[in-house]
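1. Test case, fold it:
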Amino acid sequence: MEALQNLGVLLGGAWASGFNLYLTTAGLGIADRMGWVNLPGNLDVLSHPLVIGAAGLMFCVEFLADKIPYVDSAWDSVHTFIRPLGGAALAYLGTAEMGPAIQTSLSLLGGTVAMESHLTKASARVAINTSPEPVTNSVASVTEDAAVVGVLWLIIKHPIIALLVAIGLIALCVWILKILFRFVRQVFRFLSGKGEKPKTA
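-> Below you'll find the model as predicted:
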């Protein structure tokens with residue numbers, strides 16, 4: 001049972017990291033510091049005030065950048081490297097007591113899950129930025145943050161349910177990615193003058 005709970009923390013945290021690494025890091029750190037959850041392995045390092053402070057500061061920067069059309073896509077481009085590494089690092093720290101083989105395997109899994117959710121977010125933003133109005137970006141950003149908070153709440157209160165939800169979200173993101181990649185490819189073909197204007201419907 002404890003193994004499943006820890007896996008829920010790790011997979012849920014990895015998925016959430018792909019959407020917002022800083023909110024995930026700060027949220028898990030605060031939860032551990034307040035005694036709401038016992039983070040596995042060496043993940044308790046997230047509860048250090050310096051880590052919470054740095055993650056909180058970066059979350060504030062991302063919160064603003066994420067609301068501005070095209071700035072959000074530029075921010076996501078930079079974080080194509082950062083978020084998956086963050087997801088892998090969380091899994092690595094969380095499996096510190098499980099031996100090198102399991103630690104390496106789950107770190108790779110954590111990085112892959114974070115990459116998948118990040119690509120879903122980034123591709124959706126490219127699609128949203130084809131719309132001239134800025135409101136959609138703010139709505140999407142708040143929705144993404146709410147999803148991360150929801151997953152963090154499940155990690156704290158119901159880690160096994162968080163594991164099941166994370167698995168479901170991973171499958172959902174794979175399906176959404178297939179649709180979004182097709183749309184993004186149409187956008188780039190249109191911008192290069194080699195295709196028709198992409199259709200959102």
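2. quick one: average confidence on stretch 22-41?
-> Averaged across stretch 22-41, pLDDT comes to 95.
3. List every C-alpha atom in that stretch, with coordinates, as PDB.
-> Taking only C-alpha atoms (Å, rounded to 0.1, in the frame of the first residue of the first chain), the coordinates of stretch 22-41 have been written out as PDB:
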ATOM      1  CA  TYR A  22       7.300  25.700  -9.800                       C
ATOM      2  CA  LEU A  23       3.800  25.400  -8.400                       C
ATOM      3  CA  THR A  24       4.300  21.700  -8.000                       C
ATOM      4  CA  THR A  25       7.600  22.100  -6.200                       C
ATOM      5  CA  ALA A  26       6.300  24.800  -3.900                       C
ATOM      6  CA  GLY A  27       3.100  23.000  -3.300                       C
ATOM      7  CA  LEU A  28       4.700  19.700  -2.300                       C
ATOM      8  CA  GLY A  29       7.300  21.500  -0.200                       C
ATOM      9  CA  ILE A  30       4.600  23.500   1.700                       C
ATOM     10  CA  ALA A  31       2.500  20.300   2.200                       C
ATOM     11  CA  ASP A  32       5.500  18.400   3.600                       C
ATOM     12  CA  ARG A  33       6.500  21.300   5.900                       C
ATOM     13  CA  MET A  34       3.000  21.600   7.200                       C
ATOM     14  CA  GLY A  35       2.800  17.900   7.900                       C
ATOM     15  CA  TRP A  36       0.000  17.300   5.400                       C
ATOM     16  CA  VAL A  37       2.000  14.700   3.600                       C
ATOM     17  CA  ASN A  38       5.100  12.600   4.200                       C
ATOM     18  CA  LEU A  39       7.100  12.800   1.000                       C
ATOM     19  CA  PRO A  40       9.100   9.700   0.100                       C
ATOM     20  CA  GLY A  41      12.900   9.300  -0.200                       C
END
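4. buried sites along the helix or strand of the chain with the lowest mean pLDDT?
-> Ranking every helix and strand in the chain by mean pLDDT, DSSP states H and E puts helix 159-191 at the bottom, with a mean of 81. By neighbour count with 16 or more other Cβ atoms under 10 Å, helix 159-191 contains the buried residues 159, 162-163, 165-167, 169-170, 173, 176-177, 180, 183-184, 186-187. Heads up, the C-betas are built off the backbone N, CA and C, glycines and all.
5. Ok, stretch 22-35 next?
-> For stretch 22-35, by 16+ other Cβ under 10 Å, it's 22, 23, 24, 25, 26, 27, 28, 29, 30, 31, 32, 33.
6. So what touches it?
-> Applying Cβ atoms under 8 Å, 6 or more residues apart in numbering, the external contacts of stretch 22-35 come out as 9, 13, 16-17, 37-39, 43-44, 46-48, 51-52, 55-56, 58-59, 62, 86, 90, 145, 148-149, 152, 155-156.
7. can we see that at 7 Å?
-> By Cβ atoms under 7 Å, 6 or more residues apart in numbering, the residues outside stretch 22-35 that reach it are 13, 16-17, 37, 39, 43-44, 46-47, 51-52, 55-56, 58-59, 62, 145, 148, 152, 156.
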